[in-house]
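Asks: Compute the structure for the input listed below.
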Amino acid sequence: MTSPAPRDAGSASEPLSQLNVLVFSHRPEVREGIVTAVGRRPAPDLGRVTFIEVGGVADVLAACDAGGLDLVVLDGEAQPTGGMGLSRQLKNEITDCPPIVVTVRRRDDRWLATWSQADAVLVHPLDPLTAAETVVDVLRRTADVAVRG
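Replies: Here you go, the predicted model:
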């Protein structure tokens, strides 16, 4: 696991120079699919995305505890611990929990992602346009709150 670099918060009018996005799945091909779908520059006003890919729950917990993450993307189908349960745990245990996007395999599982307290849900197969728009929307909402708060 690579540790996230310090975040340059910038001002409300200038884009963040780097966004740290953690991607969790026990399957490398799922992590690769998420990274590819979102892209390194999903929106010009948000800056470049640095992905931190992890395959274990302990790595997710350590990274979230350490801070410096702008977004966490969790595979809802990960084994042995799925992203939905992990999302709920993070939201309830981390004081300044970063926003979370959960991926699911079936559209009907979106309600479970709501239970998990995720900020957004993506359905496989990931559409690059939808994935990038969803991530950008969550990041903008978070940045807007941080600027006002």
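
Asks: At which residues are the helices of the protein located?
Replies: Under the criterion DSSP state H, helices of the chain are mapped to 28-38, 57-66, 83-93, 110-115, 128-148.

Asks: count of neighbours near Asn92?
Replies: Asn92 sits with 9 neighbouring residues when counted by other C-beta atoms under 10 Å. Heads up, the C-betas are built off the backbone N, CA and C, glycines and all.

Asks: And it, what's its pLDDT?
Replies: Confidence at Asn92, expressed as pLDDT, is 96.

Asks: do Asp96 as well
Replies: Confidence score, pLDDT, at Asp96: 90.

Asks: any idea how far the closest residue to it other than its chain neighbours is from Ile94?
Replies: Excluding its sequence neighbours, the residue lying closest to Asp96 (C-beta to C-beta, 6 or more residues apart in numbering) is Gly67, at 7.0 Å. Distance, Gly67 to Ile94, by C-beta to C-beta, to the nearest Å: 9 Å.

Asks: Would you confirm that Thr36 contacts Pro128?
Replies: Yes. Thr36 lies in contact with Pro128 (C-beta atoms under 8 Å); the separation is 7.4 Å.

Asks: just to revisit the earlier point, would you confirm that the residue nearest to Asp96 contacts Thr95?
Replies: No. Gly67 is beyond contact range of Thr95, at 10.0 Å (criterion: C-beta under 8 Å).

Asks: between the two, who's got more neighbours?
Replies: A direct count of neighbours by other C-beta under 10 Å for Gly67 and Thr95 places Gly67 higher, at 14 against 5.

Asks: First-to-last residue distance for stretch 63-74?
Replies: From the first residue to the last, stretch 63-74 extends over 13 Å; the measure is C-alpha to C-alpha, to the nearest Å.

Asks: Show me what the worst-scoring helix or strand of the chain on mean pLDDT is packed up against.
Replies: Ranking every helix and strand in the chain by mean pLDDT, DSSP states H and E puts helix 110-115 at the bottom, with a mean of 80. Under the contact definition 3 or more C-beta pairs under 8 Å, 6 or more residues apart in numbering; DSSP states H and E, helix 110-115 sits against helix 83-93, strand 100-104, strand 120-123.

Asks: ok, and for it, which residues are buried?
Replies: Leu112, Ala113 (16 or more other C-beta atoms under 10 Å).
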